[in-house]
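Enquirer: Predicted coordinates and the sequence they were generated for:
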Amino acid sequence: MEYLNIYANCRIVKGAGMSLLCDLQMRRFYHIPNDTADVLLFLQEHSIEECMAHYGEDNREAIAGYIDFVTGKELGFTDSRLLPELVPLDLSWDRYSDITNVIIEYNETLDYDAPFFRELFDLNIQGLEIRCYLTVSTAKVRELLERFNGTTLKFIKLVMPYGEGPDLREWDKLVKQYPRVRSLLIHSAPADKAEKIFDGSVPVVFFSKSINDCRACGEIRSEYFISNMELFTESQHHNTCLNRKLSIDLQGQVKNCPSMREGFGHVAQTSVREILDNPAFHRYGNIRKDDISVCKDCEFRHVCTDCRAYVEDPQDIYSKPLKCGYDPYTNTWESWSQHPMKQTAIAWYGLEAIKE
């Protein structure tokens, strides 16, 4: 007999109307019908001939096509047996730091040398996003980046206004001086476009819309989906947006996210340890997509980063993200801001002026 062996890093996620086949090693995913997903799941425990017999001769050609798709995309291979060496994927997730990523809304009046920041960046922080809503001089940007030399940071994303700032050559010089800067988003630009600097290794995305405050955050778009082992395994246990995240807003308030209303103290008046010892700070970190209304029926739930700051029902922390226009029951996208059922929540959050 012949069997289809699907690699352990290829995971099938079923939704209400469609499924997703995620290749977590090659960082790709494929949108497939639920019928196809059912056949592939059956083939993970039965031979190809048993599958043909189970689904009937009328489906032989279709099943053969599914198998050709899997082998053609190098998601698996056929063999005379199901290989026991292809052990199930370990879906556990953990990190050695209480906080792994940080968002800072830059305000030049705040003291970024304060004890709070030194304590924070002693926690083996891996990723940092610095958001600048107003034009900031290159000298100020360099001064801020200089503070993170000697930390464990691996990744810094800069969100900057187009303004009269430096051109690509100047950004290239800055990234070469501060190689932790691995991504730039330039908002309020004349047009949407993408470039690369630092020998083609650092993306620079020019975004025509203005990002004037944190309310621009939280949109769910297919181009933001990520298929990799890190996000997929974290999604099984935690919230992929807020788990082990800490943010400092423009006023210096510590929050889970700048868009959240609840604060946990000011950087000048509290310590990181006080924040971490507060159970309320961890309230959202363990809300999985499998726990969220509608999201739990969505095939994209384990490649999506979610949003708990803006939800369809502001009184329900398990409500679907407000800024998501995907319907997993019809498998269609629409403009979230135009949906009549979302208008009350849009008004509640004060998002009328920044709708897409």
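Expert: Right, received. Where do you want to start?

Enquirer: Going by C-alpha atoms from here, please, whenever you check contacts or count neighbours.
Expert: Will do.

Enquirer: Test my guess that Phe207 contacts Pro161.
Expert: No - between Phe207 and Pro161 there is no contact under C-alpha atoms under 8 Å: 9.2 Å.

Enquirer: Once you drop chain neighbours, what's closest to Ser80?
Expert: Leaving out its chain neighbours, the residue that sits closest to Ser80 by C-alpha to C-alpha, 6 or more residues apart in numbering is Glu2, at 4.6 Å.

Enquirer: what about the one you found, distance to Leu82?
Expert: Distance of Glu2 to Leu82, given as C-alpha to C-alpha, to the nearest Å: 9 Å.

Enquirer: And the strands in the stretch 251-356 of the chain, which stretches?
Expert: Secondary structure of the stretch 251-356 of the chain by DSSP state E, counting those that start in this stretch: the strands cover 254-255, 326-327, 332-333.

Enquirer: okay, those strands, which one's buried deepest?
Expert: For these, the largest average neighbour count (mean count of other C-alpha atoms under 10 Å) is found in strand 254-255, namely a mean of 23.

Enquirer: Near the residue nearest to Ser80, how many other residues are there?
Expert: Neighbour count of Glu2, defined by other C-alpha atoms under 10 Å: 14.

Enquirer: ok, it - contacts?
Expert: Counting by C-alpha atoms under 8 Å, 6 or more residues apart in numbering, Glu2 makes contact with Ser47, Ile48, Glu49, Thr78, Asp79, Ser80, Arg81.

Enquirer: Please enumerate the helices of this structure.
Expert: For the chain, the helices defined by DSSP state H cover 34-43, 48-55, 60-72, 115-120, 138-146, 168-177, 229-237, 272-276, 343-349.

Enquirer: Ok, which of these comes nearest Ser259?
Expert: helix 343-349 (9.9 Å; C-alpha to C-alpha).

Enquirer: Distance from the chain centre to the closest one, please.
Expert: Relative to the centre of its chain, helix 343-349 is centred 24 Å away, using C-alpha atoms, centre = their mean, to the nearest Å.

Enquirer: cool, stretch 277-286 as well?
Expert: On C-alpha atoms, centre = their mean, the centre of stretch 277-286 falls 19 Å from that of its chain.

Enquirer: buried sites along it?
Expert: Buried residues in stretch 277-286, counted by 16 or more other C-alpha atoms under 10 Å: Phe281, His282, Tyr284, Gly285, Asn286.

Enquirer: Next: stretch 176-192.
Expert: Tyr178, Arg180, Val181, Arg182, Ser183, Leu184, Leu185, Ile186, His187, Ser188, Ala189.

Enquirer: Give me the contacts around it.
Expert: For stretch 176-192, the external contacting residues (C-alpha under 8 Å, 6+ apart) are 145, 153-163, 175, 198, 201-211.

Enquirer: Same question for stretch 32-46.
Expert: By C-alpha under 8 Å, 6+ apart, stretch 32-46 touches 3-6, 12, 14-15, 17-21, 51, 63, 66, 82.

Enquirer: try 10 Å this time
Expert: Stretch 32-46 has contacts (C-alpha atoms under 10 Å, 6 or more residues apart in numbering) with 1-6, 11-21, 31, 48-52, 54-55, 62-63, 65-67, 70, 81-82, 299.

Enquirer: Touching both of Glu2 and Leu82, which residues are there?
Expert: With C-alpha under 10 Å, 6+ apart, Glu2 and Leu82 have common neighbours His46, Ser47.

Enquirer: contacting residues for Val311?
Expert: The contact partners of Val311, taken as C-alpha under 10 Å, 6+ apart, are 218, 317-324, 342, 345-346, 349.

Enquirer: sorry, that was for Val272
Expert: Applying C-alpha under 10 Å, 6+ apart, we find Val272 in contact with Ile99, Pro115, Phe116, Phe117, Arg118, Glu119, Leu120, Phe121, Leu123, Leu246, Val254, Gly265.

Enquirer: for these, which one is nearest Arg169?
Expert: Distances from Arg169 to the contacts of Val272, taken as C-alpha to C-alpha, are shortest for Phe121 (29.7 Å).

Enquirer: How many neighbouring residues does the closest residue to the closest one other than its chain neighbours have?
Expert: Nearest non-adjacent residue to Phe121, counting by C-alpha to C-alpha, 6+ apart: Thr151, 6.5 Å away. Neighbour count for Thr151, taken as other C-alpha under 10 Å: 14.

Enquirer: what's the answer for Lys14, then?
Expert: Lys14 has 21 nearby residues by other C-alpha under 10 Å.

Enquirer: For it, give its distance to Phe148.
Expert: Distance from Lys14 to Phe148, by C-alpha to C-alpha: 42 Å.

Enquirer: now swap in Gly350 and tell me
Expert: For Gly350, the distance to Phe148 equals 35 Å [C-alpha to C-alpha].

Enquirer: out of the two, which sits in the more crowded spot?
Expert: Set Gly350 next to Phe148 and count neighbours by other C-alpha under 10 Å: Phe148 wins out with 17 against 12.

Enquirer: For the more buried one, list the residues it contacts.
Expert: If you count contacts by C-alpha under 10 Å, 6+ apart, Phe148 has them with Phe117, Arg118, Phe121, Leu128, Ile156, Tyr178, Arg180.
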